[in-house]
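S.K.: with the input below, show me the fold.
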Amino acid sequence: MSITVILNGYKRGDRLSEQVKALNSGTIKPSEILLWYNNPGDEQLINYDIMSTTPTALCNYNFGVWARFYFALNAKHKYVCVFDDDTIPGSRWLENCMQTMETHEGLLGTVGLLYPNPNIPHQSSYYEPYIRYGWINNGIQNKEVTQVDLVGHSWFFKKEWLSHFVREQPHPKYTTCGEDMHFSYMLQKYANIPTYVPPHPVDDKSLWGSIKGEYGDDTVSLWNSNKPNDEGTPFKHLMNEYFIEQRKKGWKLINEK
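M.R.: Got it, this is the predicted structure:
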């Protein structure tokens, strides 16, 4: 059960200690933890205590949400779990992922979106009606493994699948979004690998991949800030634009006719 965990530091250095503590207290502990620091800017935001015990890449430029997956190519172990910096896993999350892999091999995540009646690609939108599964409080805490169109906040997968992730490259304007859609699409396109949300029973948060979802509601959140890219396009518009682009390229949603 060899697992490499990839943590991402940006402007929530105070959360890293909590993430590491949660991971090291789990029923399955990571075999290694690697940390990608994505241009924190203010030195006070850097958690030097974690860096002193964790192999770390401290980047002086903000390469966005994609770089941590490229950094994951340095993992030494068969399985990799990438976490957003606002995601604190339950004590049995890695155990939950390993057990799910035994019955439903695929890309796993702690929150997933399923589009029940997707529009045809040229009329599609990221914001058309979808069902959210996983930890999210206004979604469905699924009791069973559930297949979805994409997952986020935490990604569990075989390291070898990164070869599919890197086969196609996004336009540079999408540095802050799209890695979740991209991974599911690349695995579907090149290896016929599905995407799942492991069980998140409402009465057992130890199995959840994120137990403090409120951490994502701060001003650092890309979703809440709707921060524009260098070209002035707001984050939420970029998300939608990337979704439409992938659909037109051939990404098939589960319920697509």
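
S.K.: C-alpha from now on. contacts and neighbour counts both.
M.R.: OK.

S.K.: what sits up against the strand or helix carrying residue 20?
M.R.: Residue 20 belongs to helix 13-24 when assigned by DSSP states H and E. Outside helix 13-24, the residues within contact range by C-alpha atoms under 8 Å, 6 or more residues apart in numbering are 7, 9, 29-30, 45-47, 50, 85-91.

S.K.: got it, and stretch 132-150?
M.R.: For stretch 132-150, the surrounding residues in contact (C-alpha under 8 Å, 6+ apart) are 100, 104, 110-115, 131, 180-181, 184, 194-202, 208-211, 213, 253-254.

S.K.: let's see which of those residues end up in strands.
M.R.: 110, 111, 112, 113, 114, 131, 195, 196, 197 (DSSP state E).

S.K.: can I get those in TSV with pLDDT, neighbour count and distance to residue 174?
M.R.: Putting these into TSV (pLDDT from 0 to 100; neighbours: other C-alpha atoms under 10 Å; distance: C-alpha to C-alpha, whole Å) gives the following:
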residue	pLDDT	neighbour count	distance to residue 174
110	96	29	23
111	95	27	21
112	96	28	20
113	96	21	20
114	97	20	22
131	94	13	24
195	98	27	22
196	98	30	24
197	97	34	25
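
S.K.: what mean pLDDT would you report for the helix holding residue 20?
M.R.: Average pLDDT, helix 13-24: 89.

S.K.: ok so residue 33 is a strand residue?
M.R.: Yes: the assignment for residue 33 is a strand, going by DSSP: H, G, I helix; E, B strand; the rest coil.

S.K.: which stretches in this structure count as helices?
M.R.: With DSSP state H as the criterion, the chain has helices at 13-24, 48-51, 67-71, 93-103, 162-165, 179-191, 222-225, 235-249.
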